[in-house]
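S.K.: here you go, sequence then predicted model.
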2 protein chains.
Amino acid sequence: MEYRFSKRIENIKPSAIREIFKYASDPRVVSLSAGNPSPDAFESEAIASICKSIFESRPIDALQYSVTEGYTPLREHMLGYMKQNHATGRDFDDILIMSGAQQIMEISAKILCNEGDYIICENPSFVGSLNSFRSIGTKLKGVGIENDGINIKELESALDKTPNVRIIYTIPNFQNPSGVTMSLEKRKALYELARKHDVMIIEDNPYGDLRYKGESIQNIKSFDDDGRVIYAGTFSKVIAPGLRVGYTIAPFEIAKKMVVAKQGEDVHSNILAQMICHEFLTKCGFDEKLLRLRHLYGKKAESAEKLLDKYVVPSGITYSSVEGGLFIWCRLPKNVDMLEFCSLAVREHGVAIVPGSAFMVDENDPCDYFRINFTAPSDERLEEGIKRLGDFALSYIP
Amino acid sequence: MEYRFSKRIENIKPSAIREIFKYASDPRVVSLSAGNPSPDAFESEAIASICKSIFESRPIDALQYSVTEGYTPLREHMLGYMKQNHATGRDFDDILIMSGAQQIMEISAKILCNEGDYIICENPSFVGSLNSFRSIGTKLKGVGIENDGINIKELESALDKTPNVRIIYTIPNFQNPSGVTMSLEKRKALYELARKHDVMIIEDNPYGDLRYKGESIQNIKSFDDDGRVIYAGTFSKVIAPGLRVGYTIAPFEIAKKMVVAKQGEDVHSNILAQMICHEFLTKCGFDEKLLRLRHLYGKKAESAEKLLDKYVVPSGITYSSVEGGLFIWCRLPKNVDMLEFCSLAVREHGVAIVPGSAFMVDENDPCDYFRINFTAPSDERLEEGIKRLGDFALSYIP
């Protein structure tokens, strides 16, 4: 039979980059295209022993239906931790456990936006979130990014000119894909603009704990006097992404509606995974774990930059040095066909990188960039991948 | 600040029954209101040992990001099992692992329905699914149920008169809450009507494996020549609901769009839980497990009916004998205020039952029924609960 699909799902078009991802799974290809943590970062022995003790002491709790809001000890611990360590969470805020941070984006749009309402986002931005928003039938308005974060003038103009803006979506720390961190000044300006136009903010912070250099900047949520920020956190980058456990800190009234929406999506998040995260956070030295992670990834970032300087920069490709996160955002010289470059890199030279257009609100907008990840490959594969990229770039770029 | 919510989420109104659920969590209350499997049904030792072996042999696979479609060995095993044992799944069908069956309902509506499109459902029906559909902004048209399933004449008239019907949603086996099983004749008639009006069918089958008496009836999906049935299966009732693992068998084209939608919701389902289900299904004697479950629940159903006959039926309340599933659907005599009855039962007599109106498309429609669950309470608590209900009913019903 012939199927008819909803307008909202037809909004998400299959794109040129899928082709590239297909090649990336070939084992002969070095993938610099994923967003995966390093396998060396997983504390699998600690997690195995936590699992064992959960099944010894509370097997039924780990297997039975649970509540939509999430595992109470994990909620309480995490809200306390975020209040104490990041001044994030007020008396008017609640915390909910979600099935990864992705669910926070989708559900925020679902409860706040009618079809056709606008969400303003950084351009480029994380394609997973953009597709979440699209799947709800919202429209996207992109605002450019500078070295210190979103372009505030452009944001102001977008707020003035775009009808029915309901949310500003931002990744203030080590933005995906640009790697840019928003200055404190801009965070405050963004908040004031949101207040002036009475819109909500989603502050998506998957990489905040992964700073390798420089000083941390306070979360937007930390100065959220009005209750207009939905903070999105996740354990994917700091414990394990396969568990699919994230959390949101949001005003009670918002959280209540999120619970209604979540009930209709998956009833509650896998409860064993929530119990694992709670045990891991409270008994396995989480702060030391973060130090180890920063050390591991900081070293990987440093070698990636050295390798880029050695093999890739001579071709004319440039990049900005990273202070944290998982990605390096690289720029091709003018007049190079970025999509063809990325496509040939994977098809003929065995190295997968993500074309920057994948992250654009309109993927047909001009884009000279591509994204590489330095955390997932081993040191050897990283060198091999960047060498392949450099060799190809030198021969391809005039 | 003052929050404005989307129309779709405002569709899901907080209802009178939430009040009752609040009381049900009081430990002094005997809860006959849940839909939980019996804790005695969980094979926690087997699952603990599966976990141990997964962390010994493939810890990284269990912790790293995985694919949206689901864990390949589980998909392949389950599709083979369903083809062989239930003639369910054709060459044009794919299988996807979902975060519980709930996600199948929500995503089916998301990809197939525009706002304002109609879904036809049995009335009463499972409130979780109805709220999933509402959260997508679809409208619901309810069709009554008879002893052998949906009222076919009413269904035909609903299809004739309702604009933009996209889906018929049905629970053909041991329907929640009515307990009714649809006859083969009606399954075929429903399929023919769906064909005539070119609408899709969601066949939700959480209880099909839990038949205690009588003969199984073939799935609607087994005669789906057109590819218009989305089959929804789950391990919640037969392995453990806390794992949140379900599966859908649906035509490739539909499955492809479901993957796009699922990517935007939770990227993929918890991978450890998927690996646990696969190991459990292939190595722990799943068919014997089903026999044990049927024996355990069949005995519980039998005692529940004996207890109802002894304590409750003398008050004038009637019920239909169950052949499977988790619930008994009880009917109050005429002119008894059902909501007040349920409310007093929990508030003053310490027994929680679910008012039937919770399952109605319009909860203000007249409804004389309430639902009780017999699988979750222990034998002692079940007797205590039904005795409390009977004592109260005898004093309350004139």
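M.R.: The structure has been received and is ready for your questions.
S.K.: near chain B, which residues of the stretch 201-350 of chain A are found?
M.R.: Listed as neighbours of chain B in the stretch 201-350 of chain A under the rule CB under 8 Å from any CB of the partner chain: A:226-228, A:236, A:240-244, A:251, A:253-254, A:257, A:260-261, A:263-273. Every residue, glycine included, has its C-beta placed from N, CA and C.
S.K.: can you flag the buried ones in these?
M.R.: A:227-228, A:236, A:240-244, A:251, A:254, A:257, A:260-261, A:263-273 (16 or more other CB atoms under 10 Å in any protein chain shown).
S.K.: so which of those residues are in helices?
M.R.: A:254, A:257, A:260, A:261, A:263, A:264, A:265, A:266, A:271, A:272, A:273 (DSSP state H).
S.K.: where in the stretch 1-150 of chain A is pLDDT low?
M.R.: Counting by pLDDT under 70, the stretch 1-150 of chain A shows low-confidence ranges at A:14-20.
S.K.: any chance you could map the strands in it?
M.R.: A:30-31, A:93-98, A:118-122, A:139-143, A:145-146, A:149-150 (DSSP state E, counting those that start in this stretch).
S.K.: what do you get for the stretch 251-398 of chain A?
M.R.: Using DSSP E, counting those that start in this stretch, strands in the stretch 251-398 of chain A cover A:318-319, A:327-331, A:351-352, A:354-355, A:369-373.
S.K.: residue A:396 touches residue A:344, doesn't it?
M.R.: Yes: with contact taken as CB atoms under 8 Å, residue A:396 and residue A:344 are classed as touching, separated by 6.9 Å.
S.K.: now the spatially most central residue of chain A, what are its backbone angles?
M.R.: Residue closest to the average C-alpha location in chain A (CA atoms, centre = their mean): residue A:206, at 5.3 Å. The phi/psi pair for residue A:206 (degrees, to the nearest 10) reads phi -70, psi -20.
S.K.: hmm, back to that, closest to residue A:185 out of the strands of the stretch 251-398 of chain A?
M.R.: Residue A:185 lies closest to strand A:327-331 among the strands of the stretch 251-398 of chain A, at 22.0 Å (CB to CB).
S.K.: quick one: that closest one to strand A:369-373, angle?
M.R.: 150 degrees (axes from the mean of the first three to the mean of the last three CA atoms, to 10 degrees).
S.K.: for strand A:327-331, packing partners?
M.R.: helix A:286-307, strand A:318-319, strand A:369-373 (3 or more CB pairs under 8 Å, 6 or more residues apart in numbering or on different chains; DSSP states H and E).
S.K.: okay, and the beta partners of residue A:139?
M.R.: Following DSSP bridges, residue A:139 is listed with bridge partners residue A:118.
S.K.: assess the claim that it and residue A:116 are in contact.
M.R.: Yes: with contact defined as CB under 8 Å, residue A:139 reaches residue A:116; the gap is 6.2 Å.
S.K.: so which of these two has more stuff around it?
M.R.: Taking neighbours as other CB atoms under 10 Å in any protein chain shown, residue A:139 and residue A:116 compare with residue A:139 leading, 18 against 11.
S.K.: if we can go back for a sec, and the strands of the stretch 251-398 of chain A as CSV, adding mean pLDDT and mean neighbour count?
M.R.: Listed next are the strands of the stretch 251-398 of chain A as CSV, based on pLDDT from 0 to 100; neighbours: other CB atoms under 10 Å in any protein chain shown:
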stretch, mean pLDDT, mean neighbour count
strand A:318-319, 98, 17
strand A:327-331, 98, 22
strand A:351-352, 96, 26
strand A:354-355, 94, 24
strand A:369-373, 96, 25
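S.K.: select, out of these, the one closest to residue A:172.
M.R.: strand A:327-331 (15.1 Å).
S.K.: need the contact list for residue A:105.
M.R.: A:128, A:129, A:132, A:133, A:169, A:202, A:204, A:232, B:264 (CB atoms under 8 Å, 6 or more residues apart in numbering or on different chains).
S.K.: please redo it, this time with the cut-off set to 7 Å
M.R.: A:129, A:132, A:133, A:202, A:232 (CB atoms under 7 Å, 6 or more residues apart in numbering or on different chains).
S.K.: and residue A:298, by the same measure?
M.R.: Per CB under 7 Å, 6+ apart, neighbours of residue A:298: residue A:212.
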